[in-house]
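Asks: Quick one, fold the following:
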Amino acid sequence: MSKIAFIYPGQGAQAVGMGADFYEKSPLSKAVFDQASEVVSLDLKKLCFEENDLLNKTEYTQVAMVTACLAMTRAVEAMGLHADMTAGLSLGEYCAIAVAGGMCDLDAIRTVRARGIFMEHAAPEGTGAMSAVLGLDAGVIEDVLRDREGVSIANYNCPGQIVITGEAKAVDEAGNALKEAGARRVLPLKVSGPFHSPMMQPAGEELAKVFAGVSMNPLKLPYVANINAEVVTDCGKIEGLLVAQVSGSVRWQQSVETMIREGADTFVEIGPGKTLTGFLRKIDRNVKAYHIGSWEEAVSVCEELKQK
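Replies: Here you go, the predicted model:
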């Protein structure tokens with residue numbers, strides 16, 4: 001039986017104007033933005049819709065992305081399109097859990113607001129770095145990094161694209177070694193910290209304290225977790241998985257492969273940009289990929305998939 005997976009992008013996909021047309025056209029989307037703004041004491045409409053200097057700053061990016069993606073999703077569901085399973089890359093996992101029923105939207109938004117602040121300040125500026133490694137097999141990268149301290153894999157994005165993270169010097173030296181090992185390119189990323197590295201453990205510890213005040217609900221849908229690429233059906237596991245994810249590897253390619261094994265043959269990326277749609281084509285070209293980042297795309301995709 002055909003199954004639809006909703007997937008959610010992470011940091012880096014943010015764009016000025018994200019969700020603005022949904023806010024104007026959908027009362028449900030408007031409610032997400034308005035209620036979220038009140039809960040986190042930020043003008044999320046201004047942050048997402050207008051040119052500003054904060055949208056690309058981690059402590060604001062994360063809450064803006066989750067709010068916009070959830071606002072879009074609630075409108076999409078009202079159009080009659082629903083997921084059979086969910087997953088999200090890094091901060092996108094919060095959207096996946098909310099849509100699966102594990103957290104209410106406002107708790108997901110409140111929690112990711114705290115997560116962004118903790119991650120922004122977990123490592124002193126300039127001490128950490130991240131680089132994208134292109135054109136090299138994951139196994140080779142793992143071998144090169146195995147005996148190196150201070151550097152690890154942050155993201156398994158798709159075949160031929162792995163992101164490394166950690167101490168700035170260690171990441172730079174590992175990049176040179178990976179070029180020698182055959183990498184086509186090693187691109188330093190413009191990020192504010194060494195995300196998904198052990199240097200983020202203080203952020204994870206602070207996040208665990210926030211979860212003490214968050215209610216986890218029985219999941220209505222299965223979702224696939226970043227840290228182990230496994231299907232989650234027990235809401236009691238969510239907190240531990242999200243805390244570990246802050247300083248652990250995001251196994252996105254493996255997560256997609258898990259969803260395909262579970263029967264997903266149609267993937268709908270909801271949010272700004274088409275990053276995950278691009279990864280999907282490199283992971284498995286046999287599945288169908290759709291993107292919803294605008295009201296027009298939502299209407300078109302919903303009409304097409306409801307006819308099937």
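Asks: going forward, measure contacts between C-alpha atoms and count neighbours the same way
Replies: Noted.
Asks: So for the lengthiest helix in the chain, mean pLDDT?
Replies: The single longest helix within the chain, with elements called by DSSP state H, is helix 58-78. Predicted confidence along helix 58-78 averages 97 (mean pLDDT).
Asks: Assign residue 187 to helix, strand or coil.
Replies: Recorded secondary structure, residue 187: strand (DSSP: H, G, I helix; E, B strand; the rest coil).
Asks: what's the burial count for it?
Replies: 13 (other CA atoms under 10 Å).
Asks: Hmm, residue 133 and it touching each other?
Replies: Yes: using CA atoms under 8 Å, residue 187 and residue 133 qualify as a contacting pair, with a distance of 6.6 Å.
Asks: And the helices in this structure?
Replies: Per DSSP H, the chain has helices spanning 20-25, 27-40, 44-49, 58-78, 92-100, 105-121, 138-145, 168-180, 201-211, 238-247, 252-261, 275-283, 295-306. These are given in chain order.
Asks: ranking those by burial, who's on top?
Replies: Mean neighbour counts were compared across these using mean count of other CA atoms under 10 Å; the top stretch is helix 92-100, at a mean of 28.
Asks: tilt between that one and helix 58-78?
Replies: In this structure, helix 92-100 runs at an angle of 30 degrees to helix 58-78, with axes from the mean of the first three to the mean of the last three CA atoms, to 10 degrees as the basis.
Asks: Can you give the distance of helix 92-100 from its chain's centre?
Replies: Taking the mean C-alpha point of helix 92-100 and that of its whole chain, the gap between them comes to 9 Å (CA atoms, centre = their mean, to the nearest Å).
Asks: cool, stretch 23-31 as well?
Replies: Relative to its chain's centre, stretch 23-31 lies at 23 Å (CA atoms, centre = their mean).
Asks: Next up, the contacts around residue 190.
Replies: Listed by CA atoms under 8 Å, 6 or more residues apart in numbering, the contact set of residue 190 reads residue 130.
Asks: can you give me phi and psi for it?
Replies: According to degrees, to the nearest 10, the main-chain angles of residue 190 amount to phi -90, psi 90.
Asks: Next one, pLDDT for residue 1 please.
Replies: The model reports residue 1 with a pLDDT of 61.
Asks: nearest residue to residue 272 other than its sequence neighbours?
Replies: Beyond its immediate neighbours in the sequence, the residue positioned closest to residue 272 (CA to CA, 6 or more residues apart in numbering) is residue 293, lying 5.0 Å away.
Asks: Next, the angle helix 105-121 makes with the longest helix of the chain.
Replies: Angle of helix 58-78 versus helix 105-121, following the same axes, to 10 degrees, is 150 degrees.
Asks: distance of the closest residue to residue 214 other than its chain neighbours from residue 84?
Replies: Nearest residue to residue 214, sequence neighbours excluded (CA to CA, 6+ apart): residue 107, at 6.6 Å. As defined by CA to CA, to the nearest Å, residue 107 lies at a distance of 22 Å from residue 84.
Asks: ok, now residue 97?
Replies: For residue 97, the distance to residue 84 (CA to CA) stands at 13 Å.
Asks: and what of residue 199?
Replies: According to CA to CA, residue 199 stands 35 Å off from residue 84.
Asks: Please identify which of the two sits among more neighbours.
Replies: When residue 199 and residue 84 are compared on other CA under 10 Å, the one with more neighbours turns out to be residue 199, at 24 against 16.
Asks: list the contacts for that one?
Replies: 122, 123, 166, 167, 247.
Asks: Take those and keep only those in strands.
Replies: For the contacts of residue 199, the ones inside strands are 166, 167, with DSSP state E as the criterion.
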